[in-house]
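# predicted model and sequence follow; I will ask about them next.
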Amino acid sequence: MMSTPYFINLKHISSDQNRQAMLSNKDSVAIVISYSGEEQEIKRIVNYIKQKEGTVIAVTSINDSYLRKNADYCLTICSKENIFSKIGSYSSKVSVDYIMDIIFSLLFKITIILT
């Protein structure tokens, strides 16, 4: 993502995610990734962003989740997680990786066209 003119900020620590969401504004676009879309932390982050009139792009699985209902846009990932098949979260990880690669490719393409 460093190859684009866009400010990209990845946060893995929940306190950093909350802080970044609180600093969002109407020009902010947040890609919020959550398999269930129901965690309290996700709800809090989405609420902060929406209060600041930012845009939320959800990457989630569950059809009736809080995240899906409150996102401006939603990209659906595989919903066939099964701990008994011994692959755990493999399919959703691959789905998220693929979606993020597509988003980066589109941003990169736009950057090339604009320059």
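On my side now, so go ahead.
# doesn't Lys52 make contact with Ser28?
Yes - using Cβ atoms under 8 Å, Ser28 is in contact with Lys52, at 6.9 Å. Yep, even glycine has a C-beta here, placed from its N, CA and C like the rest.
# my assumption is that Ile57 lies in a strand; please confirm.
Yes - looking at Ile57 with DSSP: H, G, I helix; E, B strand; the rest coil, it is inside a strand.
# how about the residue lying closest to Ala71 once chain neighbours are set aside, what does it touch?
The shortest distance from Ala71 to any residue that is not its chain neighbour, by Cβ to Cβ, 6 or more residues apart in numbering, is 3.5 Å, and that residue is Ala58. Listed by Cβ atoms under 8 Å, 6 or more residues apart in numbering, the contact set of Ala58 reads Val32, Ser34, Gly37, Leu67, Arg68, Asn70, Ala71, Tyr73, Cys74, Leu75.
# can you flag which of these belong to helices?
Taking DSSP state H as the definition of helices, the contacts of Ala58 contribute Leu67, Arg68, Asn70.
# need the pLDDT of the residue nearest to Ala71.
In this prediction, Ala58 carries a pLDDT score of 95.
# hang on, the earlier thing: who wins on neighbours among the ones in helices among the contacts of Ala58?
Counting neighbours by other Cβ atoms under 10 Å, Leu67 comes out on top of the ones in helices among the contacts of Ala58 with 25 neighbours.
# is it true that that one touches Ser34?
Yes - with contacts defined as Cβ under 8 Å, Leu67 counts as touching Ser34 at a distance of 5.5 Å.
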